[in-house]
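Q: Generate coordinates for the sequence data below:
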Amino acid sequence: MKNTFGDNITLTVFGESHGSAIGVVIDGLAPGISIDEEKIAYKLLLRRPSGGISTSRVEADKFKIESGVYEGKTTGTPVTIIIPNENTKSGDYKATENLARPAHADYTAYMKYHGFEDRRGGGHFSGRITAGIVAAGAIFISALENKGIYIGTHMKKCAGVSDRDFSDLTEDVKKLINMRFPVLSGEAGSLMQEKIMQAREEKDSVGGILETAIIGVPAGLGEPYFDSIESKIAHAMFSIGGVKGIEFGKGFALSDMVGSKANDAFRMENGKVITETNNNGGINGGITNGMPILFSLAVKPTPSIFRVQKTVDFVKGEDAEIELKGRHDPCIVHRAKSVADALSAFVIADVLTGRYGTDYLAD
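A: Next comes the predicted model:
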């Protein structure tokens, strides 16, 4: 099982949903980067379940930095963050541990790891593992903000309800950074939450679309082919379990445009090259052009629902039915926002380090 991502900086995740702890190891960070533990705690809070629109499994996420930080600064050696699991109910999964939950990784994990995988609560495939990613992401987010780079994600759509589009991008992004339910329109947010609660009452779930903007990224980052900025961001985003699609800028809508409408005309503004529109999401030829990077993620409905579903017992090799117990989210879109922000920050930090050197992120 490969659990490491990155080139110049690497991110390694470890642990299982119902194990003693989960965590992350960051290698390749320059010495001298400030570590704000309050910010790490707050980013974990934004990811944490909240009220009836989320699972009732609420972990305290009392993280501990075990290595790589001394007197509030990185030392240049691997940073290890451990987050204990303190609110597990493994018995909820015992009766159905050999039944493949539809749209989950139970069956594929069994085939890959020959039955030795930890199946409790999804084991290593659980969304719980993303808490380590969010903790690490808080470090990258702070370092990037010190360089004038900001990341904001909103729920562009959820349960069929659409948020308003970005308008004043800088203002909107900074507004979203600390929002627990990240929507730009309060009216849309209220309606989304009503729809999520309705899905819970109907023992069902809903999905949606997240839209992320990264502002302040310089032009010239990325490679023309296999390590394009799109490739790296997409690679990272598909590590979020519920993500099934990604598009940059106008994405699939570009296929319905003519070239004269799809092209982003260039012009000068205050001595800087900009584009009149940003249909291509700040990327040309796999390389950043200095405009905001824009991308959207399709997040599927949470697969854990409380209705009776058809499945198989993959140990006995026979048809079965499954009715889930336990604690599950009727929607993960609002919580996935924190993971998208964290992974965006990691990718940009990794690419910046590769272009400008390992000390670029230092204070």
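
Q: Flag the helix or strand of this protein with the lowest per-element mean pLDDT.
A: Lowest by mean pLDDT, DSSP states H and E among the helices and strands of the chain is helix 91-94, with a mean of 68.

Q: Which SSE is immediately downstream of it?
A: Sequence order places helix 106-113 as the next helix or strand after helix 91-94, per DSSP states H and E.

Q: what stretches of the chain score poorly on pLDDT?
A: 1, 56-57, 90-93 (pLDDT under 70).

Q: Could you point out the longest helix of it?
A: Ranked by residue count and defined by DSSP state H, the top helix of the chain is helix 333-356.

Q: quick check, distance from that helix to the centre of its chain.
A: 8 Å (C-alpha atoms, centre = their mean, to the nearest Å).

Q: likewise stretch 180-198?
A: 19 Å.

Q: So which residues make contact with that stretch?
A: Here stretch 180-198 makes contact (C-beta atoms under 8 Å, 6 or more residues apart in numbering) with 45-46, 50, 52-53, 152-155, 158-164, 166, 172, 175-176, 206, 208, 330-331, 334, 337. Heads up, the C-betas are built off the backbone N, CA and C, glycines and all.

Q: which ones among these are found in strands?
A: Mapping these onto strands (DSSP state E) picks out 152, 153, 154, 155, 158, 161, 162, 208.

Q: with these in mind, which one is nearest to residue 312?
A: Closest approach to residue 312 among the ones in strands among the contacts of stretch 180-198 (C-beta to C-beta): residue 208, at 29.3 Å.

Q: residue contacts, that closest one?
A: Residue 208 touches 155, 156, 157, 158, 159, 192, 299, 331, 333, counting by C-beta under 8 Å, 6+ apart.

Q: any idea how far residue 37 is from it?
A: Separation of residue 208 from residue 37 (C-beta to C-beta, to the nearest Å): 31 Å.

Q: Repeat that for residue 269.
A: 40 Å.

Q: now residue 235
A: 29 Å.

Q: One more: residue 347?
A: Taken as C-beta to C-beta, the span from residue 347 to residue 37 is 23 Å.

Q: try residue 128
A: Distance, residue 128 to residue 37, by C-beta to C-beta: 21 Å.

Q: Could you do residue 188 as well?
A: Taken as C-beta to C-beta, the span from residue 188 to residue 37 is 34 Å.

Q: Among the contacts of stretch 180-198, name the buried ones.
A: Buried members of the contacts of stretch 180-198, counted by 16 or more other C-beta atoms under 10 Å: 46, 53, 152-155, 158-159, 161-163, 166, 172, 176, 206, 208, 330-331, 334, 337.
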